[in-house]
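# sequence and predicted model, in that order:
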Amino acid sequence: MTVTLVPEVDLSAVVAEQPDPLVFVTVSGAHLYGFPSRDSDVDLRGAHLLPAESLIGLREPEETRSRIWDRDGVEMDLVTHDVRKFVRLMLRRNGYVLEQLLSPLVVHTSDAHAELVSLAPRVLTSHHAHHYRGFAGTQWRLFEKTEELKPLLYTVRALLTGIHLMRSGEVQAHLPTLLGEVAEAPAYVGELIEAKAAAEHGPAEVDPARVRDDVEALHGVLDAAQAATALAGEAAGALDALHDFVVRLRLQDAQG
């Protein structure tokens, strides 16, 4: 599948340049969240598969590859983890990697990607609320420092994703969709999304006191949603299933 976010860049060609087999590559960041601006970079995230000799020898394996570069006038940001590290991150109640795995903006996929997607619900727990609470707090502090629109949208998006996850068991990162799913979302967020389209780092034209009250209220909604969630407190059986997945995938690769 070819995802076209900007006509100047062939994302499938970017994928083809990677040195090891890829389990998947998806688009994350503002494009996934539904509020890219005209000058947004393209955030590519995924998992690669290191050869077995890279893991059993004396040299430290390159478990994470990160690259930022300009391609045809567009800033590209590519980060992939070896599949073992990616799965470990999944088990650490990391909502960010689950958003990458489950992103509908798929640049490269595989049978292993499909299997990993099918295993993702097993790792979801009530504790994922902590991830979104913490991420929202970090972005809110950045907003207070810069008064920029981008971290404000990131704050609201994280809180709404956390609320929706606690209520539905579904990872939904797309802010415009969340506005229709979470009744407590502030009514003016749609206008902020429209404003963000004009500039990546523009100021937030908002009433700071009103926004502060609304963000505090959303934290309360997230707390209540976590207390009432049907999600389990522990990811029972996920470790064994994901361990078997990683071992099988590595053995298949070693056998050619």
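Perfect, I can see it now.

# for the helix or strand hosting residue 190, list every residue counted as buried.
According to DSSP states H and E, residue 190 maps onto helix 189-196. Going by neighbour count (16 or more other C-beta atoms under 10 Å), the buried part of helix 189-196 is 189, 192, 193, 195, 196. From N, CA and C alone the C-beta is placed, and that goes for glycine too.

# as JSON lines, those with pLDDT and distance to residue 215 would be great.
Formatted as JSON lines, those follow (pLDDT from 0 to 100; distance: C-beta to C-beta, whole Å):
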{"residue": "189", "pLDDT": "97", "distance to residue 215": "11"}
{"residue": "192", "pLDDT": "95", "distance to residue 215": "13"}
{"residue": "193", "pLDDT": "95", "distance to residue 215": "16"}
{"residue": "195", "pLDDT": "92", "distance to residue 215": "17"}
{"residue": "196", "pLDDT": "91", "distance to residue 215": "17"}
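
# dump the residues you listed to JSON lines, plus distance to residue 228.
As requested, the buried residues of helix 189-196 are exported to JSON lines (distance: C-beta to C-beta, whole Å):
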{"residue": "189", "distance to residue 228": "24"}
{"residue": "192", "distance to residue 228": "28"}
{"residue": "193", "distance to residue 228": "28"}
{"residue": "195", "distance to residue 228": "34"}
{"residue": "196", "distance to residue 228": "32"}
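
# those helices in the protein, which residues are they?
Along the chain, counting by DSSP state H, helices occupy 11-16, 29-33, 52-56, 83-91, 95-102, 111-119, 128-146, 149-168, 175-181, 189-196, 208-228, 238-254.

# between those helices, which gets nearest to residue 70?
Ranking those by proximity to residue 70 (C-beta to C-beta) places helix 11-16 first, at 12.2 Å.

# okay, that closest one in CSV with CA atoms only?
These are the backbone C-alpha positions of helix 11-16, laid out as CSV (Å, rounded to 0.1, in the frame of the first residue of the first chain):
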residue,chain,number,x,y,z
LEU,A,11,7.3,6.8,0.9
SER,A,12,7.6,3.3,-0.6
ALA,A,13,11.0,4.3,-1.9
VAL,A,14,12.0,5.4,1.6
VAL,A,15,11.1,2.0,2.9
ALA,A,16,13.0,0.2,0.2
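
# elements contacting it?
Applying 3 or more C-beta pairs under 8 Å, 6 or more residues apart in numbering; DSSP states H and E, we find helix 11-16 packed against strand 22-28, strand 42-48, strand 106-108.

# can I get those in CSV with mean neighbour count, mean pLDDT and distance to residue 119?
What follows is the helices and strands packed on helix 11-16, written out as CSV (neighbours: other C-beta atoms under 10 Å; pLDDT from 0 to 100; distance: least, C-beta to C-beta, whole Å):
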stretch, mean neighbour count, mean pLDDT, distance to residue 119
strand 22-28, 24, 96, 12
strand 42-48, 25, 95, 13
strand 106-108, 20, 94, 17
